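In: Provided below for reference: sequence and predicted model.
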Amino acid sequence: MDCFSFGLLFFLRKDNRQNPGIERLIYVKITVDGKSCELSTKRKCLPDRWNVQAGRMEGKTEAAKEINSYLDTFEQKVYRIKKLLIDRDEEITAELIKKKLLGIDVDKHKHMLIQIFKEHNKQVHELIGKQFSRATFIRYETCLRHTQAFLEYKYQKEDLDITNLDYQMICEFEHWFKALRNCDHNTTIKYISNFRKIINRCIKYGWLKQDPFFGFSMRKMEVQRVPLTEKELNAIIQLDFSIPRLQLVKDIFVFCCFTGLAYIDVKELKRSSIVMGNDNKLWIMSNRHKTNTATRIPILPVAKNILEKYAYNTECLKKDAALPTLSNQKMNNYLKEIADACGIKKTLTFHIARHTFATTVTLSNGVPIETVSKMLGHKDLKTTQIYAKILDHKIGNDMAHLFEKFSR
């Protein structure tokens, strides 16, 4: 809380009749940073019995003792309200103190950011498995912790009235992620996007009249996705590992290279989702975990062989799982060992399998981008076009017949 000036004065309200024999109301004047407001104490005193310097009634009569005791209690109440506002790190104004003295509920229309965020997350948690995934809940909880840390850093506060949110605060939040949390641009935008959903809720509820995000750019930087080349993919396929955990991770990774499934989708893939299609071939028919969009993927021979390899796996039989997956963190760690063993210099992560399916396995082999988009479960073709941008050799192949034509 910044330093501020504070004053409190009891005085007699002037009476136009200026009759010293008539009692006048005792008022209190509260001043904060030069701005004042006045309030009646509902007590009276004769002008000639009032001590202006002391701000109290003179004399030792019972009436004087009662009046002065009341004024002492009134003054203590003002200072208690002042202390409460300081402890709560709220803005202190003379008008606010006056309203609290009058018993006006100044907090009933106040909406605090962290309180709203926590209530939102509580509702998301209650809808896990119905409308939201646990991963979504964890993402919001992480964003909440970041927001709390930022408020503590920037304002030394545990919470903030949403009316204090503005464009400057959003920009400073972005800077905090990048400068103090060492987040890259796209990660920062992901967190701020989650934060913006809370702000949008406040706007829709009518709690915020202006959008603090107005004019703020949420555009992500385009990331160059680097899939495995055909040579690198074959190197992984052909290498067998004597260590069971590495062989398992290799099999699941290769399976996803030939199906395009993300980690969470292969983890949740049930045997019952693998069905015989109209072409008398096996298909994966399920929904993407991330978007809940339908995915229909013909199972290529390499992927089919891997499924058959684990057909009698005890864990899979017990859980109706297609493959016995490990945690994403463990699988990514083991993929680094696999990459080293295969002489692959790229940083191998599980998600590269999905990129490899989109590019090396499908688009590079002439599968139309619309078909690839459907198999990947993309809602928008633009998302799939990101993969197509890196296929320079595919562009060369597509243009080869033109070169031949014009060469003639």
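Out: Sure, I can see it. Numbers count the residues shown, from 1 in each chain.
In: helix or strand: which one has the closest residue to C342 other than its chain neighbours?
Out: Closest residue to C342 apart from its sequence neighbours, by Cβ to Cβ, 6 or more residues apart in numbering: A235 at 4.4 Å. Placement of C-beta: from N, CA and C, glycine included. Per DSSP states H and E: A235 is located in helix 230-238.
In: which of the residues in that helix are buried?
Out: 232-233, 235-237 (16 or more other Cβ atoms under 10 Å).
In: out of the residues you listed, which is nearest to Q329?
Out: Of all these, the one with the least separation from Q329 (Cβ to Cβ) is I236, at 19.9 Å.
In: out of the helices and strands in this protein, which is least certain?
Out: Least confident element among the helices and strands of the chain, by mean pLDDT, DSSP states H and E: helix 392-407 (a mean of 67).
In: how close does T187 sit to F177?
Out: 8 Å (Cβ to Cβ, to the nearest Å).
In: so which of those two has more stuff around it?
Out: Neighbour tally, T187 and F177, criterion other Cβ atoms under 10 Å: the higher count belongs to F177, 20 against 14.
In: separation between the more buried one and L71?
Out: 53 Å.
In: and for S193?
Out: Distance, S193 to L71, using Cβ to Cβ: 56 Å.
In: out of those two, which sits in the more crowded spot?
Out: L71 (19 against 13).
In: pull the contacting residues for that one.
Out: Residues near L71 by Cβ atoms under 8 Å, 6 or more residues apart in numbering: 10, 26, 41, 43, 55-56.
In: any idea which of the residues you listed is closest to A63?
Out: Proximity to A63 was ranked across the contacts of L71 by Cβ to Cβ; first place goes to R43, at 10.2 Å.
In: just give the nearest non-adjacent residue to K98, would you?
Out: Nearest non-adjacent residue to K98, counting by Cβ to Cβ, 6+ apart: C37, 4.9 Å away.
In: show the contacting residues for that neighbour.
Out: Here C37 is in contact with 29-30, 94-95, 97-98 (criterion: Cβ under 8 Å, 6+ apart).
In: just I198 next, same as before
Out: By Cβ under 8 Å, 6+ apart, the neighbours of I198 are 113, 116-117, 120.
In: 6 Å instead?
Out: 117, 120 (Cβ atoms under 6 Å, 6 or more residues apart in numbering).
In: and it, how close does it get to K209?
Out: I198 sits 16 Å away from K209, going by Cβ to Cβ.
In: what's the answer for I30, then?
Out: Note on I30: its distance to K209, by Cβ to Cβ, is 29 Å.
In: if you count surrounding residues, which of the two has more?
Out: More neighbours surround I30 than the other of I30 and K209, with 23 against 7 (other Cβ under 10 Å).
In: low pLDDT regions in the stretch 251-400 of the chain?
Out: 291, 388-398 (pLDDT under 70).
In: which segments of this protein make up each domain?
Out: The record's domain parsing of the chain by automatic domain parsing lists 6-101, 113-204, 230-403.
In: as CSV, the ones you listed with distance to G215 would be great.
Out: As requested, these are arranged in CSV below (distance: least, Cβ to Cβ, whole Å):
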stretch, distance to G215
domain 6-101, 26
domain 113-204, 6
domain 230-403, 24
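In: so for M221, which of those sits nearest?
Out: Proximity to M221, assessed across the domains of the chain by Cβ to Cβ, is greatest for domain 113-204 (5.1 Å).
In: now the end-to-end length of that closest one.
Out: 15 Å (Cα to Cα, to the nearest Å).
In: same check, this time on stretch 339-350
Out: End-to-end distance (Cα to Cα), stretch 339-350: 12 Å.
In: flag every buried residue along it.
Out: Quick answer for stretch 339-350 (16+ other Cβ under 10 Å): 339, 342, 344, 348-350.
In: nearest to R219, out of the domains of the chain?
Out: Of the domains of the chain, nearest to R219 by Cβ to Cβ is domain 113-204, at 7.7 Å.
In: rounded mean pLDDT for the closest one, please.
Out: Averaged across domain 113-204, pLDDT comes to 92.
In: tell me the mean pLDDT over the longest helix along the chain?
Out: What stands out as the longest helix in the chain, according to DSSP state H, is helix 62-87. Mean per-residue pLDDT for helix 62-87: 91.
In: angle of whatever helix or strand comes next after it against helix 62-87?
Out: Where DSSP H and E defines the elements, the next helix or strand beyond helix 62-87 is helix 94-101. Angle, helix 94-101 to helix 62-87, by axes from the mean of the first three to the mean of the last three Cα atoms, to 10 degrees: 120 degrees.
In: how far away is H289 from G377?
Out: For H289, the distance to G377 - Cβ to Cβ - is 9 Å.
In: who's more crowded, the two?
Out: A side-by-side neighbour count of H289 and G377, using other Cβ under 10 Å, places G377 first with 23 against 18.
In: list the contacts of the more buried one.
Out: Each residue near G377 by Cβ under 6 Å, 6+ apart is listed here: 288, 293, 295.
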